[in-house]
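>>> Next one to model:
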Amino acid sequence: MAHLRVRASELEGRGWLNTGGKPLGLEQLRGKIVLLDFWTFCCINCLHVIDELRPLEQQYADVLVTVGVHSPKFEHEADPVALASAVERYEIRHPVLDDPELLTWQAYAARAWPTLVVIDPEGYIVAHLSGEGHAAGLASLIPELIAKHEAKGTLHRGDGPYVAPEPTAGDLRFPGKVLPLAGGNFLVSDTGHHRLVELGPDLLTVVRTIGQGTKGHQDGPAEAARFNEPQGLTLLPAAVAAQAGYDVVVADSVNHRLRGVNLAEGSVRTLAGSGVQRLLEAGPARVDDDGAPLASGDLGMRPLEVALSSPWDVVWSRQLNRVVVAMAGVHQIFGFDPLTGQLTIVAGNGLEGLLDGPAEQAWFAQPSGLAEDADGSIWVADSETSALRVLRFPSSQVSNSKRTQNPSSVHQLPLSSDESASLTVETAVGEGLFDFGFRDGAAAQARLQHPLGVTVLPDGSIALADTYNGAVRRYDPVNRSVSTLARGLSEPSDVLLDTTGRTPLLIVVEANQHRLVRLPVPKEALQVDEGAVQTQRPKTPVAAGALELQVRFTAPTGQKLDYRWGDPTQLKISATPPELLRDGGGTSIGLTRILTLADGVTEGVLHITARAAACDGTEDADGEIPDHAACHLYQQDWGIPVLLDPAGASELTLDLRGMD
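Now for the predicted structure:
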């Protein structure tokens with residue numbers, strides 16, 4: 001039977017960016033290979049995909065047109081001004097459709113951010129891809145489509161419809177984080193200019209810059225170094241800095257690296273990260289230099305060989321005597337020892353969501369801000385769950401005073417397996433991936449919207465840069481309540497307590513105004529209640545009882561599924577509320593499963609994680625994939641809202657990499 005070809009649906013939305021104000025339709029794109037990228041600007045995985053696609057867009061500029069379909073998750077992302085800023089911030093150089101009502105999202109049955117849909121020059125859908133890591137597969141698919149449609153005469157070469165917007169000027173461009181320095185100056189990650197800027201006490205005077213201001217990766221003196229969207233900054237204790245040879249650790253987010261800065265010289269060096277983005281673990285257990293197995297969470301002593309993923313913030317931990325890293329791209333908290341180079345996974349199992357408990361079992365979702373309090377606990381702005389989380393240390397651990405009396409002995413106090421096993425994660429504010437809002441009051445009912453920064457106030461309360469609410473919020477851990485310290489800001493990305501004057505002030509990094517501002521700490525905080533909401537996405541009607549789940553995955557041309565360590569595919573399934581899923585939850589191999597949905601629940605969310613591993617090349621004479629073959633790891637997390645309906649579906653099909 002002939003395969004049914006599906007024609008692509010028209011592109012509908014509120015308007016267009018990067019087209020000079022002109023609307024764009026599929027008819028105008030006929031003859032081109034069209035790649036629809038369904039994204040939302042809060043999503044770190046979506047930002048990864050934007051970067052993955054850049055080389056393909058350049059290589060095939062005359063035949064490939066990428067169209068970003070912005071389908072917002074958060075309320076703030078539906079603001080057209082905020083979207084325009086995001087398109088400029090991330091240097092997106094292709095047309096973007098503003099789709100706040102999810103019209104095109106629904107027309108293409110998108111179920112996850114990011115989703116890619118490939119349309120051939122005749123206007124037919126040829127591939128559905130979910131998640132990131134598909135660049136290699138697209139690099140094989142695009143030439144196949146070019147050859148096929150050149151032979152048919154249906155491929156048209158020439159310039160695409162992209163029109164560049166007017167650039168933003170200023171000393172800072174979408175700054176990310178701020179760090180106080182000795183003497184009253186401040187070091188700022190000038191994220192949009194790909195450099196660091198040292199500002200004077202007035203927050204306006206540029207004292208010096210570190211980095212060329214051109215994206216890239218290069219070590220060396222200040223004028224030669226290159227960063228790629230640097231974010232978090234932290235100072236090392238003086239004794240540690242003296243031994244390490246640098247003072248500041250920088251989360252160099254898009255380079256997927258940690259960098260070190262010697263403030264006296266202005267020189268930059270790479271501390272950790274291979275530059276290859278970390279996706280997920282695969283293959284045999286990790287071993288040390290002598291071949292012995294590494295402890296759980298230990299990534300070894302070769303930091304430049306370890307893949308990282310979008311480190312977003314860093315803070316020095318007195319409890320751990322190392323730098324703690326918010327590894328946003330893999331939803332985990334890492335540790336880095338400046339003296340030994342040891343990298344560890346401190347908390348998080350890599351699954352995206354909100355789950356408390358033992359550190360190694362906890363779920364995070366794009367941790368983006370870190371701060372240490374007086375007790376040594378690490379507070380985390382967990383952006384995608386709109387949550388404030390805290391990493392707590394047991395009272396049996398070595399006391400802060402003992403550890404800080406002699407910080408030079410850090411290399412003698414590594415994170416032991418007993419210590420790591422006893423760390424716990426708690427949630428102070430927040431409900432989950434799809435719950436947000438602007439509501440003060442009791443923490444259990446309070447809501448945030450995608451916070452990125454966090455700091456500790458003198459009374460032990462926590463201030464947050466509540467980014468998408470344009471506010472600075474305060475959490476009081478004594479009475480477990482939330483209030484508002486300031487509002488009306490433009491995407492604040494960090495907040496810092498400034499104690500240099502007579503009266504403590506807040507320094508706020510106002511990213512979308514390209515500036516830092518000082519604000520008073522009000523004596524009476526505001527009480528705001530603009531409601532608690534959920535991400536609005538269409539619910540999938542399903543029948544109670546047996547639900548057959550299938551995740552489609554086809555390895556790209558030139559790749560084979562990697563069976564060297566068993567079945568290379570995996571499903572992990574859970575539900576909110578848990579009672580929705582009567583049977584079929586948990587983790588197992590394979591990409592199909594029969595779920596049993598309970599009768600007594602009317603609606604909920606199915607949380608599904610699919611993984612597959614494939615390697616380049618063909619098998620050797622024994623049918624084995626060579627050990628040196630380049631391997632690719634595909635993963636996607638779905639949160640599928642479902643509505644139980646007797647007339648609903650008994651099958652659910654998702655695309656990890658589905659080919660039509």
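
>>> Same question for Ala112, what's its three-state structure.
coil (DSSP: H, G, I helix; E, B strand; the rest coil).

>>> where do the strands sit along the stretch 151-300 of the chain?
Assigned strands in the stretch 151-300 of the chain, in chain order: 178-180, 186-190, 195-199, 206-210, 230-235, 248-252, 257-262, 267-272 (criterion: DSSP state E, counting those that start in this stretch).

>>> With mean neighbour count, mean pLDDT and distance to Leu433 added, can I get these in CSV?
(C-beta placed from N, C-alpha, C; glycine too.) Below are those laid out as CSV (neighbours: other CB atoms under 10 Å; pLDDT from 0 to 100; distance: least, CB to CB, whole Å):
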stretch, mean neighbour count, mean pLDDT, distance to Leu433
strand 178-180, 21, 98, 28
strand 186-190, 27, 98, 27
strand 195-199, 22, 98, 33
strand 206-210, 17, 97, 36
strand 230-235, 25, 98, 22
strand 248-252, 28, 98, 23
strand 257-262, 23, 98, 27
strand 267-272, 21, 98, 29
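
>>> Indicate which one of these is closest to Val521.
Nearest of these to Val521, taken as CB to CB: strand 178-180 at 16.1 Å.

>>> low pLDDT regions in this structure?
1-3, 168-169, 279-296, 395-421, 618-629 (pLDDT under 70).

>>> List the contacts of the closest residue to His94 other than its chain neighbours.
Of all residues not flanking His94 in the chain, Thr66 sits nearest, at 4.1 Å (CB to CB, 6 or more residues apart in numbering). By CB atoms under 8 Å, 6 or more residues apart in numbering, Thr66 lies in contact with Val34, Leu35, Asp37, Leu53, Glu57, His94, Pro95.

>>> Is the second one part of a helix or strand, or is it coil?
Three-state call for Leu35 (three-state DSSP): strand.

>>> Double-check that the residue nearest to His94 belongs to a helix.
No. When three-state DSSP is applied, Thr66 is found to be strand, with no helix at that position.

>>> Including distance to Arg318, could the strands of the stretch 151-300 of the chain go into CSV?
Shown next, in CSV, are the strands of the stretch 151-300 of the chain (distance: least, CB to CB, whole Å):
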stretch, distance to Arg318
strand 178-180, 17
strand 186-190, 21
strand 195-199, 25
strand 206-210, 26
strand 230-235, 12
strand 248-252, 15
strand 257-262, 19
strand 267-272, 20
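
>>> looking at these, which is closest to Ala110?
strand 230-235 (28.3 Å).

>>> what packs against the helix or strand hosting Val346?
Taking DSSP states H and E as the definition, one finds Val346 inside strand 343-347. Packing contacts for strand 343-347, counted by 3 or more CB pairs under 8 Å, 6 or more residues apart in numbering; DSSP states H and E, involve strand 332-336.

>>> Contacts for the strand it packs on next, please.
Under the contact criterion CB under 8 Å, 6+ apart, strand 332-336 has outside partners 249, 258, 271-272, 299, 303, 308, 311, 317, 320, 322-327, 342-350, 359, 364, 367, 378, 380, 391, 415.

>>> Now do that strand and strand 343-347, the angle between them.
Here strand 332-336 runs at an angle of 140 degrees relative to strand 343-347 (axes from the mean of the first three to the mean of the last three CA atoms, to 10 degrees).

>>> Note down every partner strand of strand 332-336 and its orientation.
strand 322-327 (antiparallel), strand 343-347 (antiparallel) (DSSP bridges).

>>> related to what we said a few turns ago, any idea which of the contacts of Thr66 is the one closest to Ile142?
Leu35 (8.7 Å).

>>> Tyr162 versus the closest residue to that closest one other than its chain neighbours, what's the distance?
Nearest residue to Leu35, sequence neighbours excluded (CB to CB, 6+ apart): Thr66, at 4.7 Å. Using CB to CB, to the nearest Å, Thr66 is found at 9 Å from Tyr162.

>>> Mind listing the shared neighbours of these two?
Common neighbours of Thr66 and Tyr162 (CB under 8 Å, 6+ apart) are His94, Pro95.

>>> Okay, buried residues for the longest helix belonging to the chain please.
Ranked by residue count and defined by DSSP state H, the top helix of the chain is helix 135-152. Under the neighbour-count criterion of 16 or more other CB atoms under 10 Å, helix 135-152 has Ala135, Ala136, Gly137, Leu138, Ala139, Leu141, Ile142, Leu145, Ile146, His149 buried.

>>> Apart from its neighbours in sequence, what residue is nearest the third one?
Going back to what we said before, that points to Gly137. Distances taken as CB to CB, 6+ apart place Pro556 nearest to Gly137, at 3.2 Å, with adjacent residues excluded.

>>> what residues are up against that neighbour?
By CB under 8 Å, 6+ apart, the contact set of Pro556 is Ala136, Gly137, Leu138, Ser140, Leu141, Ala614, Arg657.

>>> Please tell me how far the second one sits from Val34.
Put plainly, it is Gly137. For Gly137, the distance to Val34 equals 17 Å [CB to CB].

>>> repeat for the first one
From Ala136 over to Val34 the distance is 20 Å, taken as CB to CB.

>>> one step back: in terms of secondary structure, what does the longest helix of the chain contact?
Counting by 3+ CB pairs under 8 Å, 6+ apart, helix 135-152 packs on strand 33-39, helix 44-59, strand 115-119, strand 125-130.

>>> Need these in JSON lines (columns: distance to Asp99 and mean neighbour count).
Converted to JSON lines, the helices and strands packed on helix 135-152 look like this (distance: least, CB to CB, whole Å; neighbours: other CB atoms under 10 Å):
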{"stretch": "strand 33-39", "distance to Asp99": "8", "mean neighbour count": "24"}
{"stretch": "helix 44-59", "distance to Asp99": "14", "mean neighbour count": "19"}
{"stretch": "strand 115-119", "distance to Asp99": "12", "mean neighbour count": "25"}
{"stretch": "strand 125-130", "distance to Asp99": "17", "mean neighbour count": "23"}
